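Student: pasting a predicted model and its sequence here:
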Amino acid sequence: MDSKVRVRFAPSPTGGLHLGGVRTVLFNYLFAKHHKGDFILRIEDTDQTRFVPGAEQYIQDTLAWCGLVPDESPLHGGPYAPYRQSERKAMYKEYADKLIVQGNAYYAFDTPEDLDTKRKEIPNFQYSRAHRMEMKNSLSLSKEVVDDLLKNNTPHVIRIKVPENEEVSLEDVIRGHVSFDTNMVDDKVLLKADGMPTYHLAVVVDDYLMKITHAFRGEEWLPSAPVHVLLWKYLFGLDQMPAWAHLPLILKPDGNGKLSKRDGERLGFPVFGMDWTDPNTNTTTIGFKERGFLPEAFVNLLAMLGWNDGTDQEIFSLDELIEKFSMDRVHKGGAKFDYEKAKWYNGEWIKKMDNEKLANLVRPYFDAAEIEIHENNYLVKVVGLVKERCQLLPDFITQASFYFQIPKQIDIASIAPKWDEKKRDFFVELAAIYTNAMAPGVVSAPAAELELEFKQLASKHDLKPGELMLPFRIMLVGGKFGPGVFEIVETIQLKDTIARIEHSLQLLS
RNA sequence: GGAGCGUUCGUCUAACGGUUAGGACCUCAGGUUUUCAUCCUGGUAAUACGGGUUCGAUUCCCGUACGCUCUACCA
């Protein structure tokens, strides 16, 4: 009775995978893994005009980055292969024919132009019981004419014949009972003139063939759900139909409407999981990965867009999500995407992450900025020192580059106004003390010691430490930021400290 | 236009019909940090509207408003 849970994500390979898509994957994945079931990736590439090379690979890469690896997919294979609908083309015809024989579908010979003019002619035109008899199809034409048309290979489609005066309904896991009046549903095309199925036929046939037990998808599919329910009823029986859940949409942060790639560009945040380069235009759209998000954070923040576990907890690992996820705690309403909160999640995950792991992730950013890292241990240490002030991975460049090189920019303007000979003397002597301190085997000193020494020297010069700290900080890091001054000295060591003091002294003269 | 779905602080959200309507992000004010960030304390801020049902509605029902999605031989 209770067969193994099997869910699928079925994108069409037309471009980058956007936030909403990744979240749909995530909810599918969490549900499947929570129930110890299978997560299947199926590529819906039945529209040959929209096929984009590389998009399928991109989808797999994005899922891999997120850690949401399918159990079955075009890449991994599986017992229900092939997982690309274009490669399953022959299967769909059989079911379309079955519907024809049953009388639940019919041939339609209208050309796209016919339909166009009809739509212009009649306001609110629907290819349905209201107008189907005015069209060119096997319902309105005589059998002889139809046979003839078919024999001559006249281009045609197969449409579902939606019944009259019926109520079609489904129990949505998130929304409860949803029902439709069949008089308002139109006769959707099932099989296109090129022999490919449309989504409507393909989704039903494949979900059946692949033994899908739960079908989750975006809310935008709800209006076409009655067609799918009808198809299930005609082809396989309602008792075979998977449970449905229509996920709420992710909305743009400002105003209303579904979040789009354009919104990200307009507002300056990523929308795709990873960088996507459109092979036609050769333009790249930035992804969360490249913007410096951790996959853990990305998954976490996506999960919280429309779901919560009923407690105040907001930080969840993937394993925790798997353990706690349930589809009936998913919200009905759409969620506006908040980039500020997204960054907060990432900051939390950066703070949580092991320094060594973090260093490995940060390293490429330093390489790209051409900041040389001689020793990995040193990087690990520095990452631990500054990570609480970073929200995105590239923040480590601005927050930590001074640990590796003399700051390129030094905010002399913040020192100069209150600079005088007394202070100069102080720093000259400080540098001298550090120089003397250096000896074979002695390259640095503990922060506490350095601080004490600094304060003693200040009082000797009759200066308050307070008016010396900021100049010192700026000499070392270039600006008003960073960890404690003496911790920095301890880390970058005496030699570099001296060099930076002397460098700034020059700039100030 | 039609159909379907939705509506709690600015945002994400909690509240098996009974809470001073809770938390988080943002923001503001303090404190810690002789910088910045972290961290801590506190503040501002919400049940779209109107009717019911009920001793009692954020919660259930109806209507209105508003919003969204769909309305392709796209998914």
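Tutor: Structure received. Numbers count the residues shown, from 1 in each chain, chains lettered A, B, ... in the order given.
Student: need the longest helix for chain A.
Tutor: Among all segments of chain A classified by DSSP state H, the helix with the greatest residue count is helix A:485-508.
Student: buried stuff in that one?
Tutor: By 16 or more other Cβ atoms under 10 Å, the buried positions in helix A:485-508 come out as A:485-492, A:494, A:496-498, A:500-501, A:504, A:508. Bear in mind the C-beta positions are built from the backbone N, C-alpha and C, glycine included.
Student: out of the residues you listed, who's near RNA strand B?
Tutor: Filtering the buried residues of helix A:485-508 for proximity to RNA strand B (criterion: Cβ under 7 Å from any atom of the strand) leaves A:Val485.
Student: between the buried residues of helix A:485-508, which is nearest RNA strand B?
Tutor: Distance from RNA strand B was checked for each of the buried residues of helix A:485-508 by Cβ to the nearest atom of the strand. The minimum falls on A:Val485, at 6.9 Å.
Student: which non-adjacent residue is nearest that closest one?
Tutor: Distance criterion Cβ to Cβ, 6 or more residues apart in numbering; nearest residue to A:Val485, sequence neighbours excluded, is A:Arg473 at 5.1 Å.
Student: say whether RNA strand B is contacted by whichever strand or helix holds that neighbour.
Tutor: With elements delineated by DSSP states H and E, A:Arg473 resides in helix A:465-477, which encompasses its position. Yes: using Cβ under 7 Å from any atom of the strand as the criterion, contacts between helix A:465-477 and RNA strand B involve A:465-466, A:469-470, A:473.
Student: what lies in contact with stretch A:328-348?
Tutor: With Cβ atoms under 8 Å, 6 or more residues apart in numbering as the contact definition, stretch A:328-348 has outside contacts at A:19, A:27, A:173-175, A:219, A:245, A:247-253, A:259, A:267, A:269, A:292-294, A:297-298, A:300-301, A:304-310, A:314-315, A:390-392.
Student: at 7 Å instead, please
Tutor: By Cβ atoms under 7 Å, 6 or more residues apart in numbering, the list of residues contacting stretch A:328-348 from outside reads A:19, A:27, A:173-175, A:247-253, A:259, A:269, A:293-294, A:297, A:300-301, A:305-310, A:315, A:390-392.
Student: test my guess that A:Ser179 contacts A:Glu167.
Tutor: Yes: the pair A:Ser179 and A:Glu167 passes the contact test of Cβ atoms under 7 Å, sitting 5.4 Å apart.
Student: mind listing the helices for the stretch 151-300 of chain A?
Tutor: In the stretch 151-300 of chain A, the segments counted as helices under DSSP state H, counting those that start in this stretch are A:199-209, A:225-235, A:261-267, A:288-291, A:295-303.
Student: let's have the ones you listed in a markdown table, adding mean pLDDT.
Tutor: A markdown table is the format used below for the helices of the stretch 151-300 of chain A (pLDDT from 0 to 100):
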| stretch | mean pLDDT |
| --- | --- |
| helix A:199-209 | 98 |
| helix A:225-235 | 98 |
| helix A:261-267 | 92 |
| helix A:288-291 | 96 |
| helix A:295-303 | 97 |
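Student: can you map out the strands along the stretch 251-400 of chain A?
Tutor: Ranges of strands in the stretch 251-400 of chain A, per DSSP state E, counting those that start in this stretch, are A:276-277, A:284-285, A:335-336.
Student: tally of neighbours for A:Pro13?
Tutor: A:Pro13 has 22 neighbouring residues, counting by other Cβ atoms under 10 Å.
Student: which non-adjacent residue is nearest it?
Tutor: Looking at A:Pro13 with Cβ to Cβ, 6+ apart, the closest residue is A:Ala55, at 3.6 Å.
Student: what about that neighbour, distance to A:Gly16?
Tutor: A:Ala55 sits 8 Å away from A:Gly16 when distances are taken as Cβ to Cβ, to the nearest Å.
Student: can you check A:Gly78 too?
Tutor: From A:Gly78 across to A:Gly16, the span is 25 Å (Cβ to Cβ).
Student: would a markdown table of the helices of the stretch 151-300 of chain A with mean neighbour count be doable?
Tutor: Putting these into a markdown table (neighbours: other Cβ atoms under 10 Å) gives the following:
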| stretch | mean neighbour count |
| --- | --- |
| helix A:199-209 | 22 |
| helix A:225-235 | 21 |
| helix A:261-267 | 15 |
| helix A:288-291 | 21 |
| helix A:295-303 | 24 |
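Student: quick one on the thing from earlier: list buried residues within the contacts of stretch A:328-348.
Tutor: For the contacts of stretch A:328-348, a neighbour count by 16+ other Cβ under 10 Å gives the buried set as A:19, A:27, A:173-175, A:247-252, A:259, A:269, A:293-294, A:297, A:300-301, A:305-309, A:390-392.
Student: nearest to RNA strand B: which residue in chain A?
Tutor: Shortest chain A-to-RNA strand B distance, computed as Cβ to the nearest atom of the strand: residue-wise this is A:Pro465, at 2.4 Å.
Student: A:Gly176: how many residues sit nearby?
Tutor: Neighbour count for A:Gly176, taken as other Cβ under 10 Å: 10.
Student: and the helix holding A:Arg473, what does it pack onto?
Tutor: Identification of packing neighbours for helix A:465-477 by 3 or more Cβ pairs under 7 Å, 6 or more residues apart in numbering; DSSP states H and E yields helix A:421-437, helix A:447-460, helix A:485-508.
Student: in a markdown table: those, plus mean pLDDT.
Tutor: Rendered in a markdown table, the data for these read as follows (pLDDT from 0 to 100):
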| stretch | mean pLDDT |
| --- | --- |
| helix A:421-437 | 95 |
| helix A:447-460 | 93 |
| helix A:485-508 | 94 |
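Student: ok so, going back, more crowded one of A:Gly78 and A:Gly16?
Tutor: Neighbour count, other Cβ under 10 Å: between A:Gly78 and A:Gly16, A:Gly16 has more, with 24 against 16.
Student: quick one on the thing from earlier: residues contacting the residue nearest to A:Pro13?
Tutor: Neighbour list for A:Ala55: A:13-15 [criterion: Cβ under 7 Å, 6+ apart].
Student: nearest residue to A:Phe269 other than its sequence neighbours?
Tutor: For A:Phe269, the nearest residue in space outside its immediate sequence neighbours is A:Tyr339; the separation is 4.2 Å by Cβ to Cβ, 6+ apart.
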